[in-house]
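>>> model this:
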Amino acid sequence: MKPFIAFLSALALMMLAPPAESQDALKVGDVVAARGARALGVIHVPDGVDKGVDIPVSVVHGREPGRVLALIAGTHGYEYAAILALPRVLEALDPARMKGSVILVHMANPQTFYDRRIYYSADGKNLNRVYPGKKDGTVSERIADALTREVIDQATHVIDMHSGDGNESLRPYSYWMTGNDPAVDAQSKEMNLAFGLDHIVIDHSRPKDVKDSRYTSMTGILRGKPSITAESGGLGRSDEPSIEIHRRGALSVIDHLGIMKAPSVRVTAPVWIDRSEVLTAPATGVWEPVLDARDAVAAGSVVGRVKDAYGRVLGEVRAPFAGIMLYVVGTPPVTAGEPVAFVGRPQTDNR
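Residues are numbered from 1 along each chain as shown. Down below sits the predicted model:
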């Protein structure tokens, strides 16, 4: 009987705890925002098997209860556009006019930003592959655990904001990932449309186990929170158009969710990508792309070649099907098995 009693006790606590959207104060890490106010601070990830980190966050808690949107930038520290967009989003938010709240994670993985790392944290792990994390794991796993508990679990909706990493030339696009609940999937689709990017990758292949969600957005989706991933920018640039895509998209979703009135950039006729594949390097060497992001590609055509230091070809990368390029690695160093390009096939049946 003891396990059953414990279950009833836990259920009672869940029923007594008010949802984040109805709380008088919203606490995220050491940040406490009163109703109708904003607050800045950090989520402290303590030292463990390796050094911890402080994650900069802000909370804008609307005057009236409503939905809670989490905006997460800087999962990969070399992806600058989203990191630079969030202070602009913060500036645009007026808690006195808000019905609901916004949690802004300004830099999910700060050390990778300051170290100019692509893909991997100091522990050699990709933060966007270790969710929901481990409280006693390495730093990437502890960050994922903290963001899951403090941010995703308190949100009703999530946007994971990315760019092409420091080595990737990227066409702006977003991901419509699906989970186990058609109602959540439908809301995620609407969020993609509201964000306003005109290319949307349909991805039904992501993990469906809440205990092994791996990706930020899937962690939200598998917990019943409609979530999307948006991509704009790349190659370590901080260009104005890429930053503005993230700012406008975030505010448009805020408007879509009824949190605060803002200009909508909703897309009405996007290009849906119904098949996609990441292409990887066949060898470690010097990458020479033939195509760039936004190019069309025929099935079997060369996307690029890997050469050795003497200029001898070690291998070619070819398109597995006809489609369009979504990103292409635009810098020379590549490692065997790592991504060099992402190709997608536009849907043709007008669904």
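>>> Go ahead and name everything in contact with the longest helix along the chain.
Ranked by residue count under DSSP state H, the longest helix found in the chain is helix 240-256. Residues from elsewhere that reach helix 240-256, judged by CB atoms under 8 Å, 6 or more residues apart in numbering: 69, 71, 73, 81-82, 84-86, 88-89, 92-93, 102, 157, 159, 161, 163, 172, 190-191, 194-197, 230, 232-234, 260-266. The C-beta positions use only the backbone N, C-alpha and C, and glycine is treated the same way.
>>> try it again with 7 Å
By CB atoms under 7 Å, 6 or more residues apart in numbering, the surrounding residues in contact with helix 240-256 are 69, 71, 81-82, 84-85, 88-89, 92, 102, 159, 161, 163, 172, 191, 194-197, 230, 232-233, 260-266.
>>> residues contacting Ala319?
Val297, Ala298, Ala299, Gly300, Ser301, Val303, Val343.
>>> Retrieve the pLDDT associated with the closest residue to it other than its chain neighbours.
Using CB to CB, 6 or more residues apart in numbering and skipping the chain neighbours, the partner closest in space to Ala319 is Val297 (4.4 Å). Each residue has a pLDDT score; the one for Val297 is 96.
>>> Check Asn128 too.
Among the per-residue scores, Asn128 holds a pLDDT of 98.
>>> The residue nearest to Ala319 bridge partners, please.
Under DSSP bridges, the beta-bridge partners of Val297 are Gly323.
>>> Measure how buried it is and give me the count.
Per other CB atoms under 10 Å, the neighbour tally for Val297 reads 22.
>>> Might one say that it is in contact with Pro289?
No - at 11.5 Å, Val297 does not count as touching Pro289 under the criterion of CB atoms under 7 Å.
>>> Touching both of these two, which residues are there?
A shared contact of Val297 and Pro289, defined by CB under 7 Å, 6+ apart, is any residue touching both; here these are Val303.
>>> tell me the strands in the stretch 51-200 of the chain, going along the chain?
Assigned by DSSP state E, counting those that start in this stretch, the strands in the stretch 51-200 of the chain fall at 53-61, 64-73, 99-105, 157-162, 168-170, 173-177, 199-203.
>>> Just the residues contacting the longest one, thanks.
With contact meaning CB under 7 Å, 6+ apart, strand 64-73 is reached by 20-22, 82-83, 86, 89, 99-108, 147, 151-152, 154-161, 216, 250, 253-254, 257-259.
>>> Next one: the spatially closest residue to Pro132 that is not a sequence neighbour relative to Arg67, how far apart?
The shortest distance from Pro132 to any non-neighbouring residue, by CB to CB, 6+ apart, is to Thr148 (4.4 Å). Applying CB to CB, to the nearest Å, one obtains 19 Å for the distance of Thr148 from Arg67.
>>> do Ala186 as well
Taking CB to CB as the criterion, Ala186 is separated from Arg67 by 16 Å.
>>> What of Leu93?
Relative to Arg67, and taking CB to CB, Leu93 is found at 14 Å.
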